[in-house]
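*Asks:* Need coordinates for the below:
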Amino acid sequence: MIKKILVADDSITIQKVIFLTLTGGEYEVTTVGDGTAAIEAIKLSKPDLIVADIIMPGKNGYEVCRYIKNEDGLRDIPVLLLAGAFEGIDEEKAAEAGADGHIIKPFESEELKAKIKELLDADPGKAAETEKEAAPTAKEIAPVKPAEIAPEAGQESLTETIRKAMAKEAASKEATASANAEKAAPEEAAKPEEAPEPEEAPETETSEETPQPEETPETETSVEASLSASTAV
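*Replies:* Residues are numbered from 1 along each chain as shown. You can find the predicted model right below:
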């Protein structure tokens, strides 16, 4: 019976690697580029297993896993977390989210297939507990470095292929971001500076009203002249 696998990772390289590794046999693989899209895809079609990167846009792998394990109709879906060699996996977060296992990038195809088969064959609800109990501590076992995995004669290991592709992808993203930043800089510089608004001139105080000249009183001489004129008449 074909098993449906949902892969959530923002790296196109990892999406292609897992798709090519699992497709063509007993698996049907669907890929998405972020955690939010993963949850929407899960709602539309329930997968048999989910592979989720711990660092991606939208919701990260821990959040996607937590969502699944808190839903009654989804909590039996095994969740395999992906982590890069540099950031590593946070065991406490993984356990709190209810993850069923994890794998470190870059990885070999057989390692991925074996891990997925192990989780699909495990009893629902017990895989996370088994993963937690079986996980070796740093003191118990030394981590196997990708460089120590010897490829077949005349062939480059998948680990090395993934590493190179991821490095190329990261360089491309960095170059794009740098180009966008350089493009934005001249646009900002070309914007004319807004002229400051002129300050309002303070209102001048109104001058005091000019006093009206006082009326000149008629002199006594003028009055007497008027009386004399009347008498003469």
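*Asks:* secondary structure class for the residue nearest to residue 35 when sequence neighbours are not counted?
*Replies:* Nearest residue to residue 35 in three dimensions, chain neighbours excluded: residue 59, at 3.1 Å (Cβ to Cβ, 6 or more residues apart in numbering). (Each C-beta comes from the backbone N, C-alpha and C, glycine too.) What DSSP: H, G, I helix; E, B strand; the rest coil gives for residue 59 is coil.
*Asks:* show me the contacts for residue 59.
*Replies:* Residue 59 makes contact with 34-36, 38-39, 67 under the criterion Cβ atoms under 8 Å, 6 or more residues apart in numbering.
*Asks:* and what of residue 38?
*Replies:* 6, 8, 32, 50, 52, 59, 64.
*Asks:* mind running it again at 6 Å?
*Replies:* Counting by Cβ atoms under 6 Å, 6 or more residues apart in numbering, residue 38 makes contact with 8, 32, 64.
*Asks:* same question, residue 33
*Replies:* Residue 33 sits in contact with residue 10, where contact means Cβ under 6 Å, 6+ apart.
*Asks:* Can you give me the pLDDT of it?
*Replies:* We have a pLDDT of 95 for residue 33.
*Asks:* what about it, distance to residue 40?
*Replies:* According to Cβ to Cβ, to the nearest Å, residue 33 stands 12 Å off from residue 40.
*Asks:* try residue 17
*Replies:* 23 Å.
*Asks:* got it, and residue 31?
*Replies:* Taking Cβ to Cβ, one finds residue 31 at 13 Å from residue 40.
*Asks:* Look at these two and report which has more neighbours.
*Replies:* Counting neighbours by other Cβ atoms under 10 Å for residue 31 and for residue 40 shows that residue 31 has the greater number, 19 against 12.
*Asks:* now that we have the contacts of residue 59, which one has the most neighbours?
*Replies:* residue 38 (30 neighbours).
*Asks:* my read is it is in a helix, agree?
*Replies:* Yes. Membership of residue 38 in a helix is supported by three-state DSSP.
*Asks:* The closest residue to it other than its chain neighbours bridge partners, please.
*Replies:* For residue 38, ignoring the flanking residues on the chain, the nearest one in space by Cβ to Cβ, 6+ apart is residue 8 at 3.7 Å. With DSSP bridges as the criterion, residue 8 is bridged to residue 32, residue 52.
*Asks:* who are the neighbours in contact with residue 8?
*Replies:* 32, 35, 38, 52.
*Asks:* I'd like to know which of the contacts of residue 38 is nearest to residue 84.
*Replies:* residue 8 (14.7 Å; Cβ to Cβ).
*Asks:* buried sites along the host helix or strand of residue 80?
*Replies:* For residue 80, the enclosing helix or strand under DSSP states H and E is strand 79-84. Residues of strand 79-84 classed as buried: 79-84 (neighbour count, 16 or more other Cβ atoms under 10 Å).
*Asks:* likewise stretch 8-21?
*Replies:* Buried residues in stretch 8-21 (16+ other Cβ under 10 Å): 8-11, 13-15, 17-19, 21.
*Asks:* Which ones among the residues you listed lie within strands?
*Replies:* Judged by DSSP state E, these include residue 8 as members of strands.
*Asks:* Could you list which of the buried residues of stretch 8-21 belong to helices?
*Replies:* In helices, defined here by DSSP state H, the members of the buried residues of stretch 8-21 are 13-15, 17-19, 21.
*Asks:* between those, which is closest to residue 92?
*Replies:* residue 14 (24.2 Å).
*Asks:* That closest one and residue 71, how far apart?
*Replies:* Using Cβ to Cβ, residue 14 is found at 25 Å from residue 71.
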